[in-house]
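A.B. asks: any chance you could fold what I've pasted below:
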Amino acid sequence: MQPPEVPQKLGRYQVLAKIGEGGMAAVYLGRRLGPAIAEDDDEFVALKVIRDEYAGNADFVTMFLDEVKIVASLRHPSIIRLLEFGQEGRRLYCALELVMGQSLWRVWDACKMRRSRLRYDWLAYVGARIAEGLHHAHELRDERGNQVGFVHRDVSPSNVLLSYDGRVKIIDFGLAKAQHRLSKTTAGVLKGKYAYMAPEQAQSSSIDRRADLYALGVSLWELSCDRRLFKRKNDIDTLIAVGEANIPDPCTLIEGYPRPLWRVLRHAMRKEPQKRYANGLDMARDLDTYAKLEGRTLAQSDIASIMHALFAFEAEHDEALLAGMSESFENASSGDRPSFSQASSAPPIAPDEWKRTLPAGLLNERRPPPK
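C.D. replies: Numbering: from 1, shown residues only. As a prediction, the model looks like this:
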């Protein structure tokens, strides 16, 4: 079977290269054609397009439209911004702000390569920004002012982007739960990554915003302890571990682990939902309070410092790529489509690039030994 043809154009955007792919959609790098029509009209965007094999499937189309409707309703610095939605032929697509950066999972992985750990107060600061974004989404209301019962259902390090300039962005709302969704989850069907589910979510019970805060707690526990919490050798064992919800005290695992941070995470990860944080703002407040106890004032620039320490080569590559694309389009004759064969390939890894020395104080010096 022939692979689906890469679209040349979607609405007012030229399609440059594929930059990602999920279960039902592909993501392309796009560039706006023509002049800006608004002050915040971005030149480069991420184009999320329903895959050709699902374009005629009513269920997948409905899920895609649900995600578009949800993201379009959210306006928060910590949530990916939807710019517009459209259709080109039989292809449904949406244009999202392009975030030049890496997922929180990739940040964790880069630290592992260097046998370093993310600083505790830095993680708490990032976690607080995620909690604030989740709270905004949890408070989503319909046109009558009624809460729609939003739950992301897939909070994890891979669904949080950190930009090279230090912004935090929650992404991928394809599994989000809300009352106004056109598609409904079949009873007994689990949605989300098993290892980050709250116990009630793994049991297919009714869930609310506290399941998202639980998942955020799991993510921060793993990142700060540098080990998986519930992940096991197979899905069945993982779900059993999630249901048991036995969470080790990191203060007994890692010398010097801050007990105030553990108190916040333990509150977020109580097995009984009614004992957890009632909302994301409360969790964000406590994370920020702990971070300040470390004696450093943190800001977006501190996230940017970590990103450039870990991904200086990638950031330079990505910025040069966009600059080259802009120049190619400016020089292209009318109707020509520049070739960007390198755009979808990963940047070459410089020899021993991962071994470069990191600035003192940005990261914890060593990873904790396994126990």
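
A.B. asks: where exactly do the strands run in the stretch 101-250 of the chain?
C.D. replies: Taking DSSP state E, counting those that start in this stretch as the criterion, the stretch 101-250 of the chain contains strands spanning 101-103, 117-118, 160-163, 168-170.

A.B. asks: what would the ones you listed look like in JSON lines with mean neighbour count, mean pLDDT and distance to Leu92?
C.D. replies: (C-beta placed from N, C-alpha, C; glycine too.) As requested, these are exported to JSON lines (neighbours: other CB atoms under 10 Å; pLDDT from 0 to 100; distance: least, CB to CB, whole Å):
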{"stretch": "strand 101-103", "mean neighbour count": "21", "mean pLDDT": "95", "distance to Leu92": "25"}
{"stretch": "strand 117-118", "mean neighbour count": "22", "mean pLDDT": "91", "distance to Leu92": "38"}
{"stretch": "strand 160-163", "mean neighbour count": "22", "mean pLDDT": "97", "distance to Leu92": "23"}
{"stretch": "strand 168-170", "mean neighbour count": "24", "mean pLDDT": "98", "distance to Leu92": "22"}
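
A.B. asks: care to break the chain down by domain?
C.D. replies: When the chain is parsed with automatic domain parsing, its domains come out as 9-98, 101-182+189-300.

A.B. asks: in JSON lines: those, plus distance to Phe311.
C.D. replies: Written out in JSON lines, the entries for the domains of the chain read as follows (distance: least, CB to CB, whole Å):
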{"stretch": "domain 9-98", "distance to Phe311": "16"}
{"stretch": "domain 101-182+189-300", "distance to Phe311": "6"}
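
A.B. asks: give the helix, strand or coil label for Leu83.
C.D. replies: Per DSSP: H, G, I helix; E, B strand; the rest coil, the local secondary structure of Leu83 is strand.

A.B. asks: can you pull up the bridge partners for the closest residue to it other than its chain neighbours?
C.D. replies: With CB to CB, 6 or more residues apart in numbering as the criterion, Leu83 has its nearest non-adjacent residue at 4.3 Å, and that residue is Ala95. Counting by DSSP bridges, Ala95 forms beta bridges with Leu47, Glu84.

A.B. asks: residues touching Ala95, list them.
C.D. replies: Under the criterion of CB atoms under 8 Å, 6 or more residues apart in numbering, the neighbours of Ala95 are Leu10, Gly11, Tyr13, Gly30, Val45, Ala46, Leu47, Leu82, Leu83, Glu84, Phe85, Gly86.

A.B. asks: and the second one, how many neighbours?
C.D. replies: Looking back up the chat, that one is Gly11. For Gly11, the tally of surrounding residues (other CB atoms under 10 Å) stands at 17.

A.B. asks: hang on, it packs against Cys94?
C.D. replies: No: Gly11 lies out of contact with Cys94 (CB atoms under 8 Å); the separation is 9.9 Å.

A.B. asks: mind listing the shared neighbours of the two?
C.D. replies: Glu84, Gly86.

A.B. asks: closest to Glu200 out of the contacts of Ala95?
C.D. replies: Glu200 lies nearest to Leu82 out of the contacts of Ala95, by CB to CB, at 29.7 Å.

A.B. asks: which residues sit in contact with the closest one?
C.D. replies: Leu82 makes contact with Val68, Val71, Ala72, Leu74, Cys94, Ala95, Leu96, according to CB under 8 Å, 6+ apart.

A.B. asks: quick check: the farthest pair among these?
C.D. replies: So for the contacts of Leu82, where distance means CB to CB, the most widely separated pair is Leu74 and Ala95, at 15.3 Å.

A.B. asks: how about the helices in the stretch 151-300 of the chain?
C.D. replies: If you assign secondary structure with DSSP state H, counting those that start in this stretch, the helices in the stretch 151-300 of the chain sit at 199-202, 209-225, 235-244, 250-253, 259-268, 280-293, 300-331.

A.B. asks: and of the ones you listed, who's closest to Ser116?
C.D. replies: Each of the helices of the stretch 151-300 of the chain was checked against Ser116 via CB to CB, and the shortest separation belongs to helix 300-331, namely 9.1 Å.

A.B. asks: what packs against the closest one?
C.D. replies: Contacting helix 300-331 under the criterion 3 or more CB pairs under 8 Å, 6 or more residues apart in numbering; DSSP states H and E are the following elements: strand 25-32, strand 101-103, helix 104-113, helix 120-138, strand 160-163.

A.B. asks: which one of the ones you listed lies closest to Ala291?
C.D. replies: Comparison of the helices and strands packed on helix 300-331 against Ala291 by CB to CB identifies helix 120-138 as nearest, at 4.2 Å.
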